[in-house]
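Visitor: Need the 3D shape of this:
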Amino acid sequence: MNKHYWWILITYALMQLSAIAGMPLLVSLGVELERIPGIWSMFSFTIALIIIVFLLRPDIRNRHARAGRSTRGEAVRWAIIGVFLVFAAQYVAALIEMFVLGIEPGSENTETIVEFAKAFPAFILVISVIGPILEEIVFRLVIFGALYKRFGFWIAGFASSLVFAAVHMDFTHLLVYTAMGFVFAFLYVKTGRILVPIIAHVALNLFVAIVNVLLADKLEDLLEQLEQIQQSIIIFGGLL
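Guide: Numbering: from 1, shown residues only. The predicted structure is shown next:
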């Protein structure tokens, strides 16, 4: 593994651990408790992304010389296909969890992130853009890329996807995260462009953020209206 890749992993690890010192600091500054996770994540993720992009300068300069790199047209096509593939993989994995493993739908990790975003709306940028970029660089470009050279797609895909899933600290839905990781790894191998899985990852997270944060209240109102309509139909049917 290239030396600057090790520094990328160290930067990412320090970012994850920075909350241990950063969040108490915000508490001491009198920041509202419910806003602290979102504010610190926004700060730490942004700083980590800047550092990691700086460390990736050799890769950016030599990107055109990389073997197996798809054309821009192919990359755009696979980016679009990838969005549907990752949604499909997540859906199939969720069905397996429910009907085979008996795991109830719904993710505590997602619910916690949604609460952070509601308390600090700018955190949506971390969820939908900064986070996916960092994760694809770390788990696909660095970890998967290093393992792929030695062990091939399946072992590298499984190992990197399992680490990707574990980092989300939602072990109940390990299968869902692992399936997503496999799709992102496939897109990276297929195109040779890290930007392709980044686009698919951003699209997925952006959809989740819009549905669970920006449209949550409207969806709740819509569901309540549908329930009222259903009750009215039942009552009306009983009168008939």
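Visitor: Near residue 119, how many other residues are there?
Guide: Other residues within reach of residue 119, judged by other CB atoms under 10 Å, total 16. Just so you know, the C-beta spots here come from the backbone N, C-alpha and C atoms, and that holds for glycine as well.
Visitor: And the pLDDT for it?
Guide: Per-residue confidence (pLDDT) for residue 119: 89.
Visitor: Quick check: closest non-adjacent residue to it.
Guide: Spatial nearest neighbour of residue 119, excluding adjacent residues (CB to CB, 6 or more residues apart in numbering): residue 34 at 4.1 Å.
Visitor: So the one you found sits against residue 123, correct?
Guide: No - Residue 34 lies out of contact with residue 123 (CB atoms under 8 Å); the separation is 11.2 Å.
Visitor: Tell me which of those two has more neighbours.
Guide: Under the criterion of other CB under 10 Å, the comparison of residue 34 against residue 123 puts residue 123 first, with 27 against 12.
Visitor: Low-confidence bits of the chain, can you list those?
Guide: Counting by pLDDT under 70, the chain contains low-confidence ranges at 64-67, 214-240.
Visitor: hey, which helix is longest across it?
Guide: helix 72-99 (DSSP state H).
Visitor: For that helix, which residues meet the burial criterion?
Guide: 75, 78-79, 82-83, 85-87, 89-90, 93-94, 97 (16 or more other CB atoms under 10 Å).
Visitor: swap in stretch 120-138?
Guide: The neighbour-count check on stretch 120-138 (16+ other CB under 10 Å) flags 120, 123-138 as buried.
Visitor: Which residues does that stretch contact?
Guide: 8-9, 12, 15, 35, 37-39, 41-42, 45-46, 48-49, 52, 56, 113, 116-117, 164, 184, 188, 194, 197-198, 201-202, 204-206, 208-209, 213-214 (CB atoms under 8 Å, 6 or more residues apart in numbering).
Visitor: Mind checking which of the buried residues of stretch 120-138 land in helices?
Guide: 123-125, 131-135.
Visitor: Any chance of JSON lines for these, columns distance to residue 178?
Guide: Listed next are those as JSON lines, based on distance: CB to CB, whole Å:
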{"residue": "123", "distance to residue 178": "25"}
{"residue": "124", "distance to residue 178": "25"}
{"residue": "125", "distance to residue 178": "26"}
{"residue": "131", "distance to residue 178": "18"}
{"residue": "132", "distance to residue 178": "17"}
{"residue": "133", "distance to residue 178": "20"}
{"residue": "134", "distance to residue 178": "19"}
{"residue": "135", "distance to residue 178": "14"}
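Visitor: about what we covered before: tell me the secondary structure for the residue nearest to residue 119?
Guide: helix (DSSP: H, G, I helix; E, B strand; the rest coil).
Visitor: That one and residue 16: what is the separation?
Guide: 21 Å (CB to CB, to the nearest Å).
Visitor: Give me the helices and strands touching the longest helix of the chain, please.
Guide: helix 174-191, helix 195-209 (3 or more CB pairs under 8 Å, 6 or more residues apart in numbering; DSSP states H and E).
Visitor: Reformat these as a markdown table; add distance to residue 109.
Guide: Putting these into a markdown table (distance: least, CB to CB, whole Å) gives the following:
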| stretch | distance to residue 109 |
| --- | --- |
| helix 174-191 | 9 |
| helix 195-209 | 11 |
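Visitor: Spatially central residue for this protein, please.
Guide: residue 132 (5.0 Å; CA atoms, centre = their mean).
Visitor: For the residue nearest to that residue when sequence neighbours are not counted, grab the count of nearby residues.
Guide: Spatial nearest neighbour of residue 132, chain neighbours left out: residue 201 (3.7 Å); criterion: CB to CB, 6+ apart. Residue 201: 27 surrounding residues under other CB under 10 Å.
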